[in-house]
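>>> sequence first, then the predicted structure, then my questions.
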There are 2 protein chains.
Amino acid sequence: MMKAAFSLLLLLLPLSTALGKYIPKTGKRIPQTLSRGWGDQLIWGQTYEEALYWARSRNKPLMVIFHLEDCPHSKALKKVFADNSEIQKSLDEDFVVLNLVYETTDKHLSPDGQYVPRVIFVDPSMTVRADIIGRYSNRMYAYEPSDIDILLENMTKAKKLLKSEL
Amino acid sequence: MMKAAFSLLLLLLPLSTALGKYIPKTGKRIPQTLSRGWGDQLIWGQTYEEALYWARSRNKPLMVIFHLEDCPHSKALKKVFADNSEIQKSLDEDFVVLNLVYETTDKHLSPDGQYVPRVIFVDPSMTVRADIIGRYSNRMYAYEPSDIDILLENMTKAKKLLKSEL
């Protein structure tokens, strides 16, 4: 029986290849995720427009993370961020989340420049919360891995909506 | 030895939970992919800005697919599209690809309305190729699963760049 099943497998293998799932010359790739490692269990927006719409319609604050895949500061923050279940739980239940490796055309999302990593909160009233800052005066929206508790506090601030009557 | 390894596993299991990978109350989710099922082996842009930049810098045409996850027409086209290795190969080698479940603010991407599914080509010179159309006069950028060969022809058209001196 095992042998028969194995033979069947051998028969099916070239067939499925012929049916034509494309595989790049350089070998099979791991599909890209929208989370990019910032929390695989969260439901991420793809674009700023989409995330804004969700924030507004669900009346939840939006967290936008600007980062780069090959930036060591981004990577260090990402690790602590993804492993912190308190942050992940709060984001999942009370926030809309978006991570971007590309700047948008909206200048409000870069109040003091376009550096990474940078975490910006947006109120569901569509107001960028430029008042919610980290501890670096030259890069007000930057966080180091050791600043994760400040980020958590700032999430609590962001949850106090500007216009809760919406 | 096997038993010892198993006991070790049992010991590690609650520890790794305590270390805190977050799992939603509703159960573990499958991470969202950027491909959304349109071709897991392709390298997808996340935003229109990013995809435009890639198109320009690599001098490759951009294909933008507008679709919705719960639209039966989108789903039917997606299946044929993802299973067609000729399309997938050509896209991987000669195109920049972006699929969006949300409209952008750029009106050029909706020459005759914001329906789905809709496939728009953009030249690396940043010109939307409104001239590359399917076979429906009322929805010029729509394709049915049976139109997959027309889509392939249109990809060939898109590969003839408007300004190849760039």
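Thanks, I have the structure now. Bear in mind the structure is a predicted one, so any value in this text is a computation, not a measurement.
>>> can you give me the neighbour number for the residue nearest to residue A:130 when sequence neighbours are not counted?
With sequence-adjacent residues excluded and distances taken as C-beta to C-beta, 6 or more residues apart in numbering or on different chains, residue A:130 is closest to residue A:111, at 4.6 Å. Using the backbone N, CA and C atoms, a C-beta is placed for each residue, glycine as well. Residues near residue A:111, counting by other C-beta atoms under 10 Å in any protein chain shown, number 15.
>>> where's residue A:111, which helix or strand?
Following DSSP states H and E, there is no helix or strand that holds residue A:111.
>>> right, and it touches residue A:140 too?
Yes - A contact is recorded between residue A:111 and residue A:140 when judged using C-beta atoms under 8 Å, the distance being 7.1 Å.
>>> quick check: residue A:65 is in a strand.
Yes - checked against DSSP: H, G, I helix; E, B strand; the rest coil, residue A:65 lies within a strand.
>>> and it, what are its bridge partners?
residue A:99, residue A:119 (DSSP bridges).
>>> what number of residues lie near it?
24.
>>> in this structure it contacts residue A:100, no?
Yes - using C-beta under 8 Å, residue A:65 is in contact with residue A:100, at 7.1 Å.
>>> what segments of chain A are helices?
A:2-19, A:48-58, A:72-83, A:85-94, A:148-159 (DSSP state H).
>>> want to try TSV for those, with distance to residue B:22 as columns?
TSV is the format used below for those (distance: least, C-beta to C-beta, whole Å):
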stretch	distance to residue B:22
helix A:2-19	36
helix A:48-58	19
helix A:72-83	9
helix A:85-94	3
helix A:148-159	14
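>>> report pLDDT for the residue positioned nearest the centre of chain A.
By C-alpha atoms, centre = their mean, chain A has its centre lying nearest to residue A:99, at 3.4 Å. Per-residue confidence at residue A:99 stands at 98 (pLDDT).
>>> same check on residue A:35?
For residue A:35, the predicted pLDDT is 96.
>>> residues from chain A in reach of chain B?
Residues of chain A that fall close to chain B, judged by C-beta under 8 Å from any C-beta of the partner chain: A:19-24, A:28-29, A:31-35, A:39-41, A:43-44, A:46-50, A:53, A:83-86, A:88-89, A:92, A:100-105.
>>> filter those residues down to the buried ones, PyMOL style.
Filtering the residues of chain A next to chain B down to the buried ones (16 or more other C-beta atoms under 10 Å in any protein chain shown) takes a single PyMOL command:
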select buried, chain A and resi 22+31+32+33+34+35+39+40+41+44+46+47+48+49+50+53+84+85+88+89+92+100+101+102+103+104
